[in-house]
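> Show me how the following folds:
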Amino acid sequence: MAKRTTTTTTTFLPPFNYDDSEINESCEINVATQGFLNGVDFYVYLLALSPLAVCFLCCFPSYLAAFRRNAEAISASPFLPLINHSYRTIAFNYTTCIILGVLSKLFLDSGSRIP
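A predicted model of the protein is given here:
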């Protein structure tokens, strides 16, 4: 039996040239983002959310005081681990949210802008 020779030809694809102008256009800052960075929309959000912030700042300290005041009565509850967990979660998350909100506003007011 004669040995059969096989020849393979490889066809190389031409280099892939792509136009990324559409990507660059979509990545530019849009009008809404530019308005927020300039502070136009920030004051609208501030006006809308300030009543919620006032309610939050009035209710949160009283919630913390009531929990501490009722700690002895709650200690007899079978749901003590769940109540303690929710108290710690609320206290940590709300405090962190307030601190980060103030820091982000200070950062935006310092003139730092996202490039």
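
> Going by residue numbers, what spans are helices in this protein?
Along the chain, the stretches classed as helices by DSSP state H are 21-27, 31-38, 40-69, 71-74, 80-109.

> Quickly, which of the ones you listed bottoms out on average pLDDT?
Mean pLDDT is lowest for helix 31-38 among the helices of the chain, at a mean of 57.

> For Leu64, give me its contacts.
Going by CB atoms under 8 Å, 6 or more residues apart in numbering, Leu64 touches Ala91. Yep, even glycine has a C-beta here, placed from its N, CA and C like the rest.

> where's it relative to Phe92, distance?
Distance, Leu64 to Phe92, using CB to CB, to the nearest Å: 12 Å.

> which residues do these two both contact?
Residues within reach of Leu64 and of Phe92 at once, by CB under 8 Å, 6+ apart: there are none.

> Is it possible to get a markdown table of the helices of the chain that adds distance to Thr11?
Shown next, in a markdown table, are the helices of the chain (distance: least, CB to CB, whole Å):
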| stretch | distance to Thr11 |
| --- | --- |
| helix 21-27 | 30 |
| helix 31-38 | 46 |
| helix 40-69 | 55 |
| helix 71-74 | 77 |
| helix 80-109 | 56 |
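
> List the buried residues of stretch 93-103.
Across stretch 93-103, burial judged by 16 or more other CB atoms under 10 Å covers Tyr94.

> now do stretch 57-71
For stretch 57-71, using 16+ other CB under 10 Å, the buried residues are Phe67.
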